[in-house]
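Q: give me a model of this one.
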Amino acid sequence: MNLQKTKKLTPFLTFDRQQWAALRKSVPLKLTEQDLKPLLGFNEDLSLDEVSTIYLPLARLINYYIDENIKRQQVLHKFLDIKAPKVPFIISIAGSVSVGKSTSARILQALLSHWPQDRKVSLITTDGFLYPLNILEQKNLLHKKGFPESYDIHQLIAFVSDIKAGKRHVKAPIYSHLTYDIIPNQFNEVDQPDIVILEGLNVLQSGMNNPSNPHNIFVSDFVDFSIYVDADESLLKTWYINRFLKFRRSAFSDPNSYFNHYSKLSEEEAIATASKIWDEINGLNLRKNILPSRERANLILVKGQHHAIETVKLRKK
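A: The predicted structure follows:
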């Protein structure tokens, strides 16, 4: 066999924008520009064309997965002769800091909430499962915030497990980006929705990503469909620095902000600071923990310039 002529084996089907957009079929776009604006991230400027081209075909695909999941549940319940509680379909969205996971999650939430019929869709970020600042300080993990060891993974697993067991009024802690900490005694409540979107850095990671503290059960064990939002690190670093500069002129200027001291930096100092934070924390976490989990996803959205998705990779099975 001539190895040079052998195609590279891959578990994914790859689509360019035009090929993927064709899979929308005749699904109508119900979102308007006015609906889209509050869904966008601080440093993003996506158009309705991006929603039509990328997210409508994705929503159509996810609906097929949901239909199949319901059928499998019905078969199992019939076999066991039980009446099981309502079990949500869980979608996870992973990817680097500054890649736009939250925007993708909000757009999907908006689309899936009203198509093909009205559905209850809850959106939870794993930021709420970070250890509080005082615990991170005790564990000497402030410089590794966002790394696997900075999360209360047992609490996160228990939360996802309770959702998948059909329990009612399951609570998730709330994280404040202003104070850079968990808000005491405040929670988001998940009460048997049809769909749960779980967004975060760590939702595809397994024990292999954190060998010093392995677990037998992972978040991905409870997920029905997983998405990884991808981009070249050079783009991610640029987006992070641009976002940092915008925050410096807005959120950081709030006297209650944990990062208020950054608002006093000159632009040159701010760029240098953001670049250093990326190189020593976010970029390191990306290469060590987040990127190695990418191939575990059911679908990968690959971004190019201006957060536009250029390629979609769909797992064959």
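
Q: tell me if Ser122 really is in a strand.
A: Yes - counting by DSSP: H, G, I helix; E, B strand; the rest coil, Ser122 falls inside a strand.

Q: quick one: low-confidence ranges for the stretch 201-317 of the chain?
A: Residues of the stretch 201-317 of the chain meeting the criterion pLDDT under 70: 207-215.

Q: need the strands for it, in chain order.
A: For the stretch 201-317 of the chain, strands defined by DSSP state E, counting those that start in this stretch occupy the ranges 225-230, 299-303, 309-315.

Q: format the ones you listed as CSV; extra columns: distance to Gln192 and mean neighbour count.
A: Placement of C-beta: from N, CA and C, glycine included. As requested, these are exported to CSV (distance: least, C-beta to C-beta, whole Å; neighbours: other C-beta atoms under 10 Å):
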stretch, distance to Gln192, mean neighbour count
strand 225-230, 19, 24
strand 299-303, 26, 21
strand 309-315, 28, 19
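
Q: now those strands in a markdown table, with distance to Asn140?
A: Formatted as a markdown table, the strands of the stretch 201-317 of the chain follow (distance: least, C-beta to C-beta, whole Å):
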| stretch | distance to Asn140 |
| --- | --- |
| strand 225-230 | 30 |
| strand 299-303 | 34 |
| strand 309-315 | 38 |
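
Q: of all these, which one comes closest to Ala21?
A: Of all these, it is strand 309-315 that lies closest to Ala21, at 9.7 Å by C-beta to C-beta.

Q: what angle do that closest one and strand 299-303 make?
A: Put simply, strand 309-315 runs at 160 degrees to strand 299-303, going by axes from the mean of the first three to the mean of the last three C-alpha atoms, to 10 degrees.

Q: residues touching the closest residue in space to Leu314 that isn't next to it in sequence, list them.
A: Leaving aside its chain neighbours, Leu314 sits nearest to Leu13 (4.8 Å; criterion: C-beta to C-beta, 6 or more residues apart in numbering). The contact partners of Leu13, taken as C-beta atoms under 8 Å, 6 or more residues apart in numbering, are Lys313, Leu314, Arg315, Lys316.

Q: and the first one, what does it touch?
A: Taking C-beta under 8 Å, 6+ apart as the criterion, Lys313 is in contact with Phe12, Leu13, Thr14, Phe15, Leu299, Ile300, Val302.

Q: want to try CSV for these, with distance to Ala94 as columns?
A: Formatted as CSV, the contacts of Lys313 follow (distance: C-beta to C-beta, whole Å):
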residue, distance to Ala94
Phe12, 16
Leu13, 20
Thr14, 19
Phe15, 20
Leu299, 11
Ile300, 10
Val302, 14
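
Q: what's the farthest-apart pair in these?
A: Leu13 and Val302 (13.2 Å).

Q: and the nearest residue to Asn256 once chain neighbours are set aside, helix, strand or coil?
A: Using C-beta to C-beta, 6+ apart and skipping residues adjacent in sequence, the residue nearest Asn256 is Leu178, 6.1 Å away. Following three-state DSSP, Leu178 is assigned to coil.

Q: how much space between Leu178 and Ile163?
A: Taking C-beta to C-beta, to the nearest Å as the criterion, Leu178 is separated from Ile163 by 27 Å.

Q: between those two, tell me which one has more neighbours.
A: Taking neighbours as other C-beta atoms under 10 Å, Leu178 and Ile163 compare with Ile163 leading, 23 against 15.

Q: shouldn't that one be within a helix?
A: Yes - Ile163: assigned to a helix according to three-state DSSP.

Q: show me what contacts it?
A: Pro88, Ile90, Val170, Val190, Val196, Phe222 are the contacts of Ile163 under C-beta under 8 Å, 6+ apart.

Q: 10 Å - rerun?
A: 87-88, 90, 122, 124, 170, 172, 190-193, 196, 198, 222 (C-beta atoms under 10 Å, 6 or more residues apart in numbering).

Q: tell me the least confident of those residues?
A: pLDDT across the contacts of Ile163 is lowest for Val87, at 90.

Q: anything in contact with each of Leu13 and Val302?
A: Val312, Lys313.

Q: can you give me the helices in the stretch 51-200 of the chain?
A: Assignment of helices within the stretch 51-200 of the chain using DSSP state H, counting those that start in this stretch yields the ranges 56-80, 101-112, 133-138, 153-164.
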